[in-house]
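Engineer: Please find the sequence and the predicted model below.
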Amino acid sequence: MPPAISVVIRTFNSAGTLPEVLAKLEPQPDDEIIIVDSGSTDATLEIARKHHARIIIAEKPFNHSKSLNLGFRAAKNPWVLVLSSHCIPIEPDFLSAHRSAIVRFPANVAVGYGSASMTGEGRLKGAKEEALVFSKDDFDRVRGAVAGNTNSIYRKTAWEELSFDETIRTGEDLIWFEEMMRRNYRYAYISRAKTLYDNRGSLGYMFRKGFSEQRAYNHLAHGPMTLWDLAGAFKGVLKMTGKIRVGIAARRCAHILGAFFGSYFSPNNEPEK
C-alpha cells in the first residue's frame, strides 16, 4: 500500500497563493493537510477550512522552527512534506510524484527535495530519473538543488531523532540537514516534484527578507558581497526574462538587494522577540 503523507504548510496572510497550492495537492484518503498559521488576518484560514485542512495556531513571536515542529508533532503519517504556501505545484500529480519516490528510498534516506524555482523548472539540470539518492560526499556538487524547506519530504522518524532548532531565526533547514549528513544519513532529489516559487510579498518585505536571511548566514560567508556579486545576481534574473513574470523578477531583485546590504552587517540569527 502506498505510504500516506502529511503535508505541513506554514502560513501568514497567504490567501494570494494558498488556493492554487491546495488545489494541486489532490490528497488520498489517508493523507492529511496541516496548516500552521502565525496570525493571518486575510482569508487564509477560510481557504484552509474549505480544503479540509487541520489548522494549528502558532503563538507569537514567529519562529520558523517552532512552526515546523508544531506541524511535525501533529502529523500522523510516516512521511511529512513541508511545502511553502507560495510554492505552487506544477503538475496535478504532485503528491503522487513524492509518493512514488519515497517507496524506493533506502532506509537511510532522511529527506527528499523537490524543486522550487521561479521558472518552475527543475533545479538539478539533467536529472531524468524519478529520484536521485545522494550522500554527504555529493553535497558540493548538488547543493543548489537541495537543503530547503520550500518543497521537502521528511522521514518522520528522522525528525523524531532531531527536531528543528528553535533557538535560531532562520536557516533551520540547512542546520538540520548538515547534522543529519554528519550522522551518515542520505538524501534525495525528486525530479518530478516541481513547484513554482511565487512569493507575492511587497518589494519592501522581500528586501527585509533578504537582509535578515543574509545576516543569519553571514557567519558562513567569506566577507561582504561585492558589486560584482550583485551584478552577477541581477544578471541571473535578467537571463530568465520571458520565463518569469515581471512581479516575480522584481521581488527577486529586491531580495538580492536586501542580501547585498545585509552582508555588510554583523551576523545575527537570533529569534524574533
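Structural biologist: Structure received. Treat the numbers as computed from the prediction; the structure is a model and nothing was measured.
Engineer: Spatially nearest residue to G71, not counting backbone neighbours?
Structural biologist: V8 (3.4 Å; CB to CB, 6 or more residues apart in numbering). All C-beta spots, glycine's among them, are computed from the backbone N, C-alpha and C.
Engineer: After the host helix or strand of the one you found, which helix or strand is next?
Structural biologist: Here V8 sits within strand 5-11, counting by DSSP states H and E. Stepping forward along the backbone from strand 5-11, the first helix or strand reached (DSSP H and E) is helix 18-23.
Engineer: and the helix or strand just after that following helix, average pLDDT?
Structural biologist: Following helix 18-23 in sequence order, the next helix or strand is strand 32-37 (DSSP H and E). Averaging pLDDT along strand 32-37 yields 98.
Engineer: And for stretch 203-210?
Structural biologist: Here stretch 203-210 scores 94 as its mean pLDDT.
Engineer: returning to what we had before: what pairs with the strand holding V8, parallel or antiparallel?
Structural biologist: Applying DSSP bridges, strand 5-11 is found paired with strand 32-37 (parallel), strand 79-83 (parallel).
Engineer: So which of the ones you listed is the most surrounded?
Structural biologist: With neighbours taken as mean count of other CB atoms under 10 Å, the strands paired with strand 5-11 reach their highest mean count in strand 79-83, at a mean of 25.
Engineer: for whatever helix or strand comes next after it, what is the average pLDDT?
Structural biologist: Sequence order places strand 87-89 as the next helix or strand after strand 79-83, per DSSP H and E. Across strand 87-89, the average pLDDT comes to 95.
Engineer: starting at the chain centroid, how far to strand 87-89?
Structural biologist: 10 Å (CA atoms, centre = their mean, to the nearest Å).
Engineer: which residues are in contact with that strand?
Structural biologist: Outside strand 87-89, the residues within contact range by CB atoms under 8 Å, 6 or more residues apart in numbering are 17, 20-21, 24-25, 116, 150-151, 193-198.
Engineer: Can you check the residues you listed and name whichever has the most neighbours?
Structural biologist: When neighbours are counted by other CB atoms under 10 Å, A193 leads those with 31 neighbours.
Engineer: State the pLDDT value of that one.
Structural biologist: 93.
Engineer: Which parts of the chain are strands?
Structural biologist: For the chain, applying DSSP state E gives strands covering 5-11, 32-37, 54-57, 79-83, 87-89, 109-117, 131-134, 151-155, 186-197.
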